[in-house]
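Asks: here are the coordinates; sequence isn't available:
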């Protein structure tokens with residue numbers, strides 16, 4: 001089995017698509033007005049409008065802008081460079097400026113427009129680098 005994707009359900013798909021396109025610098029593929037994807041070599045970030053919930057059993061299946069337990073993470077070559085590049089764009093969305101964590105990653109934590117936590121990180125220590133070389 002391979003992990004494939006994470007999907008965010010939102011009431012404002014255009015706002016989230018614009019945000020993730022800007023912070024990642026990756027192309028966003030819009031399949032419909034209600035569904036888009038950002039693909040990376042390892043996984044996909046999917047963004048769906050609340051209208052897509054009808055295909056999964058109705059509006060009670062998920063709740064937009066209500067996440068308080070998941071952090072969406074992106075590994076970068078240089079998190080400090082990304083922070084410098086995005087400082088003006090992120091403004092008050094930064095939760096934690098680049099900080100070296102006890103497990104060896106340098107991490108920038110922010111919130112997307114729906115309040116979801118997003119972590120940009122760069123492995124720094126030899127142990128952290130080895131975790132991601134497999």
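Replies: Arrived safely. Values in this document were obtained by computation on a predicted structure and should not be read as measured data. Numbering: from 1, shown residues only.
Asks: bridging residues for the residue nearest the centre of the chain?
Replies: The centroid of the chain falls nearest to residue 72 when counting by Cα atoms, centre = their mean (4.3 Å). Legend: beta-bridge partners of residue 72 under DSSP bridges are residue 118.
Asks: my read: it touches residue 115, true?
Replies: No - under the criterion of Cβ atoms under 8 Å, residue 72 makes no contact with residue 115, lying 11.7 Å away. C-beta coordinates here come from the backbone N, C-alpha and C atoms, glycine included.
Asks: distance-wise, check the closest residue to residue 99 other than its chain neighbours relative to residue 53.
Replies: Leaving out its chain neighbours, the residue that sits closest to residue 99 by Cβ to Cβ, 6 or more residues apart in numbering is residue 107, at 5.8 Å. Taking Cβ to Cβ, to the nearest Å as the measure, residue 107 falls 32 Å from residue 53.
Asks: so residue 30 is in which element?
Replies: Assessed by DSSP states H and E, residue 30 sits inside strand 29-32.
Asks: domains in the protein, by residue range?
Replies: Following automatic domain parsing, the chain resolves into domains at 1-58, 67-134.
Asks: how far off centre is the shortest one?
Replies: Read it as domain 1-58. Counting by Cα atoms, centre = their mean, to the nearest Å, domain 1-58 is centred 10 Å from the centre of its parent chain.
Asks: for the record, mean pLDDT for it?
Replies: Taken as a whole, domain 1-58 has a mean pLDDT of 96.
Asks: for the last one, same thing?
Replies: Domain 67-134 shows an average pLDDT of 95 in the prediction.
Asks: so which residues of this structure form helices?
Replies: Secondary structure of the chain (DSSP state H): helices at 13-24, 79-90, 126-131.
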